[in-house]
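A.B. asks: Quick check, what structure comes out for this input:
(2 chains)
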Number of protein chains: 2
Amino acid sequence: MEWLLRRWKELLPGLTTPALQKQYRYRCYHGSPHRAKRLVLSQLFQPLNLPEDSVVGLESKPDDLTCKSQRLMIQAGLIYPSSPGCYYYMPYTVRAMEKLVKVIDQEMQAIGGQKLNMPSLNSAELWRTSGRWDLMGKELFRLADRHSKEYCLGPTHEETIADLIASQGNLSYKQLPLLLYQITRKFRDEPKPRFGLLRSREFYMKDMYTFDTCEEAARQTYSLVCEAYCNVFNSLGFRFVKVQADMGSIGGSMSHEFQLPAGIGEDRLMICSNCSFSANVETINPDQTDCPVCKGKLSETKGIEVGHTFYLGTKYSSVFNVNFHTAQNKPVLAEMGCYGLGITRILAASIEVLSTEDSIRWPTLIAPYQVCLIPPKKGSREEMGAALMDNLYDSIVEAVPQIKGEGVLDDRTHLTIGKRLKDANRLGYPYVIIAGKKVCDNPPEFEVWNQNTGEIMFLTKEGVIELLSKVQVP
Amino acid sequence: MEWLLRRWKELLPGLTTPALQKQYRYRCYHGSPHRAKRLVLSQLFQPLNLPEDSVVGLESKPDDLTCKSQRLMIQAGLIYPSSPGCYYYMPYTVRAMEKLVKVIDQEMQAIGGQKLNMPSLNSAELWRTSGRWDLMGKELFRLADRHSKEYCLGPTHEETIADLIASQGNLSYKQLPLLLYQITRKFRDEPKPRFGLLRSREFYMKDMYTFDTCEEAARQTYSLVCEAYCNVFNSLGFRFVKVQADMGSIGGSMSHEFQLPAGIGEDRLMICSNCSFSANVETINPDQTDCPVCKGKLSETKGIEVGHTFYLGTKYSSVFNVNFHTAQNKPVLAEMGCYGLGITRILAASIEVLSTEDSIRWPTLIAPYQVCLIPPKKGSREEMGAALMDNLYDSIVEAVPQIKGEGVLDDRTHLTIGKRLKDANRLGYPYVIIAGKKVCDNPPEFEVWNQNTGEIMFLTKEGVIELLSKVQVP
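C.D. replies: All right, here's what the predicted structure looks like:
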């Protein structure tokens, strides 16, 4: 390595002048002494403020840009389209996604879920065995390797997991129930990808597969997973409904969807105001207006499906011979369930249901960053507040360890506070802290916006720390 | 939901007897009161003890099972083959991988790296633009969507990131250097996939792409990333060499590989014992035996490549028009670098270089679990030690928060301690704690095996806690 450095210096003498070195140090944020301590907005790769017409031009047809979350996410630079139904997830989105994954991991592991990871390349043979190679038609992305062996890119993994469990041979009744899940990228060749991350062709999904000894046990496992799903949605603060649902190409004998009521939703739901009945309209007579349980009135709403559960029985275990051994050492087919949560879809659905027309709002728990700090404009009367803001930032990091790395300092001090507040408002940090006029008071007070409630408070440094110490991160 | 429960009860009256309910509670580990508190081995999905012949039968040709890590990982149930070069990663492996990802995230973010996520479906158009659609030949997995639009599954993302950055238009010199990375699944149609996770067709890779204002700045960024790579490998305790390397199909004008010396390695390295020169034999005259720098003697070794860095110059930025604006608002091509770490390959390489012929050893930092606790055999003289072991488990969790979730209790008490110790030894927990004869002493002492050093200690509960409080997890 040293040898190479020497060689570069020989080859490029003109480039290693002290002046250039200094320039590099100046430019290089990872060389800056502040870099390690404070996260500054000017250095984040978060494209902002694209003019609306350039956003529309990003999609092949302007008509496709038809929902709020897609428009807001592209405008704020949270996602960027690469090809139809495929997106780059930008750093803010990756942060939110990683937090959501943590929340889901916690809930899945609390009920005994174990995380594994299955291949995306699924052999055609497996899908032919279940009959879905033909059934899925054009929704499967298909390809062949250099030896002409055929594969599909897994949109779901019933075949794959059943084949794995069957191969384990000596599964005992003592090991059941078995709850296995993965959080991986899935592929589906949607006829009409649209609504951004709500209906894309590449997406992240949490898919769980369960194995039980008998139908009753399997139904209890099913209830348990549904409860865990409710916990996930409750912790995100969603208003959601669980409705009876159609089995589609997955199959089985019972199914539920978890839906977020929203005008843009692609599912029509019928909900009884009198009892707890609720159903996707696909599962009932579409002209039915009375509740089949209590005869109460059904009302219609639209929903975004964010979770789906299936009780599969032995549909796949019988095809792939997924047996366990009973106490009497007799092989018996396992009862299966499968359960999906759309990871990237939940991100977009959050924004769809929580945001205003021009400002993104996140569930607090999974917001990319919890706090944005806005120091005074350079040259303003409050300019001395900049040092107080730096000090506040450092004090927060020290006093509230759980939000270390959760604060962004908007160092674009050539812009007014108002302009930067507008950006912060659009990106939806749960808390925005401004060094306004009262930062010159004694003791200095900061203006704190709780963006999810609309509340504005004036707090001292201690007050800010107390407020933020209540913030939860996964 | 209640309505459905009522309906099941009507339909299935015979299944809801109290006896069956009790049986389910008994079987159902997530219903067990202990479940939430202690992780027990009998409930983990970790297939163990496959007989060697059944392992060999898993691969299409027994000859392919030619390296230690592949054999050990399949035998211990860490991975399971699905199709040639594609593997299921079992729960222990996913845990190790998630820890490795944390270690790498920390190092990448310490130098200013920002994490994003790019699509796997890469349009043929992009790859044709760079010329690699043809150049890559059969190594690319290719497919077409329902509209006959062509894609490849990204094995690397120079085209994709360059296209993204070029699209951002207003990139300023003030935002550079920009270090963007992702940790995602990659695809490569290897002519001969082999050695398990060392050369597979689906694998996880950390790929970083950097953008700089000038060559000197880019070379400094290059050094910085190399240092971060050294930090990763040092924290894993690897003996590694950094060698000058060939640019292959990626291109550029400078490249280094990070290699772990190992007999199974597919790369031939020439290392000078006199100075710091070291090179992949591809980059020098293969018959050369003298060091080109100091004329010292070169010695040959084989290595497993675990990291690769490239200084790309403007190779991709010129094709995709990746410009930034200077202080004078002049557009200038950005200087690029790209950098890869093989995530799943590092897992296998760790096992390859650290394990014995029949026992897996992990770098302590990323071991799936840090501790295995083995209570006495049922009916043995030390049986009263079982309660002490439970108490030890609970005390560790309480006193050493960072290793909460890192301890597994081997509750298969129908087996001898010796049999279970053998399994623990094979799976490579850094620490194994046994309730042996001295557990009956006053105060009770536990037998503690440090599997990475071979050391055996007898410690009281307090001694165990003190020992484990020094354990680091990412």
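A.B. asks: buried set for stretch A:158-171?
C.D. replies: A:158-168, A:171 (16 or more other Cβ atoms under 10 Å in any protein chain shown). Quick note: C-beta positions are derived from backbone N, CA and C, even for glycine.
A.B. asks: quick one: is that stretch near chain B?
C.D. replies: Yes. Stretch A:158-171 is in contact with chain B by Cβ under 8 Å from any Cβ of the partner chain, via A:160, A:163-164, A:167-168.
A.B. asks: Rebuild the buried residues of stretch A:158-171 as TSV, extending it with secondary structure.
C.D. replies: Putting these into TSV (DSSP: H, G, I helix; E, B strand; the rest coil) gives the following:
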residue	secondary structure
A:Glu158	helix
A:Glu159	helix
A:Thr160	helix
A:Ile161	helix
A:Ala162	helix
A:Asp163	helix
A:Leu164	helix
A:Ile165	helix
A:Ala166	helix
A:Ser167	helix
A:Gln168	coil
A:Leu171	coil
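A.B. asks: Over to A:Met270: give its phi and psi.
C.D. replies: Dihedral pair for A:Met270: phi -110, psi 120, per degrees, to the nearest 10.
A.B. asks: so what's it up against?
C.D. replies: A:278-281, A:284, A:288, A:298-300 (Cβ atoms under 8 Å, 6 or more residues apart in numbering or on different chains).
A.B. asks: got the CA positions of stretch A:454-471 in CSV?
C.D. replies: Output of stretch A:454-471 as CSV, limited to C-alpha atoms (Å, rounded to 0.1, in the frame of the first residue of the first chain):
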residue,chain,number,x,y,z
GLY,A,454,-49.4,20.7,15.5
GLU,A,455,-48.5,21.8,19.0
ILE,A,456,-45.8,24.6,19.4
MET,A,457,-43.9,24.9,22.7
PHE,A,458,-41.2,27.2,24.0
LEU,A,459,-38.8,25.2,26.0
THR,A,460,-35.4,25.7,27.7
LYS,A,461,-32.6,23.2,27.0
GLU,A,462,-33.7,21.2,30.0
GLY,A,463,-37.3,21.2,28.8
VAL,A,464,-36.3,20.0,25.3
ILE,A,465,-34.3,17.1,26.8
GLU,A,466,-37.2,16.2,29.1
LEU,A,467,-39.5,16.2,26.1
LEU,A,468,-37.2,14.1,23.9
SER,A,469,-36.4,11.6,26.6
LYS,A,470,-40.0,10.3,26.2
VAL,A,471,-39.5,9.6,22.5
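A.B. asks: average pLDDT for that stretch?
C.D. replies: Taken as a whole, stretch A:454-471 carries a mean pLDDT of 97.
A.B. asks: chain center to it: distance?
C.D. replies: 27 Å (Cα atoms, centre = their mean, to the nearest Å).
A.B. asks: Buried residues, it. List them.
C.D. replies: A:459, A:461, A:464-465, A:467-468, A:471.
A.B. asks: Looking at the contacts of A:Met270, which one is closest to A:Tyr393?
C.D. replies: Using Cβ to Cβ, A:Ser278 comes nearest to A:Tyr393 of the contacts of A:Met270, at 46.8 Å.
A.B. asks: wait, isn't the closest one in contact with A:Lys242?
C.D. replies: Yes. If you go by Cβ atoms under 8 Å, A:Ser278 and A:Lys242 touch, sitting 7.0 Å apart.
A.B. asks: Those two - which one has more neighbours?
C.D. replies: For A:Ser278 versus A:Lys242, neighbours defined as other Cβ atoms under 10 Å in any protein chain shown are more numerous around A:Ser278 (23 against 18).
A.B. asks: host element of A:Gly303?
C.D. replies: Per DSSP states H and E: A:Gly303 is located in strand A:298-313.
A.B. asks: tell me the angle of that strand relative to helix A:158-167?
C.D. replies: Taking axes from the mean of the first three to the mean of the last three Cα atoms, to 10 degrees, one finds strand A:298-313 and helix A:158-167 inclined to each other by 30 degrees.
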